[in-house]
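K.L.:
I'd like to go over a predicted model; first the sequence, then the structure.
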Amino acid sequence: MDDGPVLRDADRSLANWLGRLLPPGVGLRFDQPNPRWVAKPPEPLFVNAFLYQIRQAGRGRESGWSDIRDGNGHVVARQPAAQYFGLTYLVTVWADNEGAGQHAADLALQEHEVLGSLLEGCVHNSVLPDDCLEGALAESGMKALLECAPADSALAAGMWTGFGLAPRAHLELVVIAAARPAPETDIAPPARQIALNAGQLAPATTAKPATTGQPATTGQPATTGARATSRSSFGTLRRWEKQTITEQTAHKSP
């Protein structure tokens, strides 16, 4: 499975959608947050979407495969089921305070306003629009799901320490994208002839029982025996002995 196009096209598809939500003049980046941005951001105002986690998504997971047929209806390949991956982005907003004469509180409100516009867009969209999808995501014919601020977030406080930054307002955005494996073409050729071997078995036969034995005396059991032969439905001979035992009760004198 080649995940390269999936990650590349997921970034591009997400950029297409976020570009529609952002106010004019707001930039978009996919870099790892940098401590230098606090004093000097690379742009006056921009949104940063950092891909920090990739996990296989259990929801929507498929199994089995589908047949790929040629113009004559012959199976030429088999397509394994698609696998889904959750791509989690850490979305932050950065504003430049140099030359604007704004206080830190005003910058925070400006950043929150942009972050709020993204949150509002997530409320009205549970999937990426089809016209935003790029490359492999568009060719798969499957939807790319969106999850905003998931309740089971795995973002740890230690991540900010790893960045060398103090915690700041952020939004977690999960794109659930499908990765479809390449079709399997190493399959058996189609059958050219089908031969069916069928036959009718002889009906089951039962031999007539032959009675043997001596008359039973008073108080002793009388036994009759018979031998039967039967042919099962699979043509195997089966034999068994059949015996009948009759008990007579002896009369007691008063």
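P.N.:
Structure received.
K.L.:
how about residue 93, secondary structure?
P.N.:
strand (DSSP: H, G, I helix; E, B strand; the rest coil).
K.L.:
Just confirm it contacts residue 119, I think it does.
P.N.:
No. At 11.2 Å, residue 93 does not count as touching residue 119 under the criterion of C-beta atoms under 8 Å. Bear in mind the C-beta positions are built from the backbone N, C-alpha and C, glycine included.
K.L.:
In terms of neighbours, single out the busier of these two.
P.N.:
residue 93 (25 against 16; other C-beta atoms under 10 Å).
K.L.:
Is the closest residue in space to the more buried one that isn't next to it in sequence within a helix or a strand, and which one?
P.N.:
Excluding its sequence neighbours, the residue lying closest to residue 93 (C-beta to C-beta, 6 or more residues apart in numbering) is residue 111, at 4.0 Å. Using DSSP states H and E, the element containing residue 111 is helix 104-123.
K.L.:
after that helix, next one along is what?
P.N.:
Next element after helix 104-123 (DSSP H and E): helix 135-139.
K.L.:
name the helices or strands packed onto the next helix or strand after that next one?
P.N.:
Using DSSP H and E, the helix or strand that follows helix 135-139 in sequence is strand 145-148. Under the contact criterion of 3 or more C-beta pairs under 8 Å, 6 or more residues apart in numbering; DSSP states H and E, strand 145-148 touches helix 104-123, strand 171-179.
K.L.:
Which one of those lies nearest to residue 84?
P.N.:
With C-beta to C-beta as the criterion, residue 84 lies closest to strand 171-179 of those, at 5.4 Å.
K.L.:
and that closest one, which strands flank it?
P.N.:
strand 83-95 (antiparallel), strand 145-148 (antiparallel) (DSSP bridges).
K.L.:
any idea which of those is most buried?
P.N.:
strand 83-95 (a mean of 21; mean count of other C-beta atoms under 10 Å).
K.L.:
pLDDT of that strand, averaged?
P.N.:
Taken as a whole, strand 83-95 carries a mean pLDDT of 90.
K.L.:
going forward can the numbers begin at 22, since that is how I track them
P.N.:
Sounds good: first residue 22 from here, last item strand 104-116.
K.L.:
got the CA positions of that strand in PDB?
P.N.:
Provided in PDB are the C-alpha atoms of strand 104-116 (Å, rounded to 0.1, in the frame of the first residue of the first chain):
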ATOM      1  CA  GLN A 104      -8.300   0.900   4.500                       C
ATOM      2  CA  TYR A 105      -9.100   4.100   6.400                       C
ATOM      3  CA  PHE A 106      -6.700   6.300   8.300                       C
ATOM      4  CA  GLY A 107      -7.300   9.200  10.700                       C
ATOM      5  CA  LEU A 108      -5.000  12.100  10.000                       C
ATOM      6  CA  THR A 109      -5.000  14.500  13.000                       C
ATOM      7  CA  TYR A 110      -4.000  18.100  12.500                       C
ATOM      8  CA  LEU A 111      -3.100  20.600  15.200                       C
ATOM      9  CA  VAL A 112      -4.600  23.900  14.000                       C
ATOM     10  CA  THR A 113      -3.300  27.100  15.500                       C
ATOM     11  CA  VAL A 114      -3.500  30.800  14.500                       C
ATOM     12  CA  TRP A 115      -0.500  33.200  14.600                       C
ATOM     13  CA  ALA A 116      -0.600  37.000  14.400                       C
END
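K.L.:
quick one on the thing from earlier: could the helices and strands packed on strand 166-169 go into TSV alongside mean pLDDT and distance to residue 267?
P.N.:
As requested, the helices and strands packed on strand 166-169 are exported to TSV (pLDDT from 0 to 100; distance: least, C-beta to C-beta, whole Å):
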stretch	mean pLDDT	distance to residue 267
helix 125-144	87	89
strand 192-200	88	78
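K.L.:
could these be laid out in CSV, adding distance to residue 106?
P.N.:
Output for the helices and strands packed on strand 166-169, formatted as CSV (distance: least, C-beta to C-beta, whole Å):
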stretch, distance to residue 106
helix 125-144, 19
strand 192-200, 6
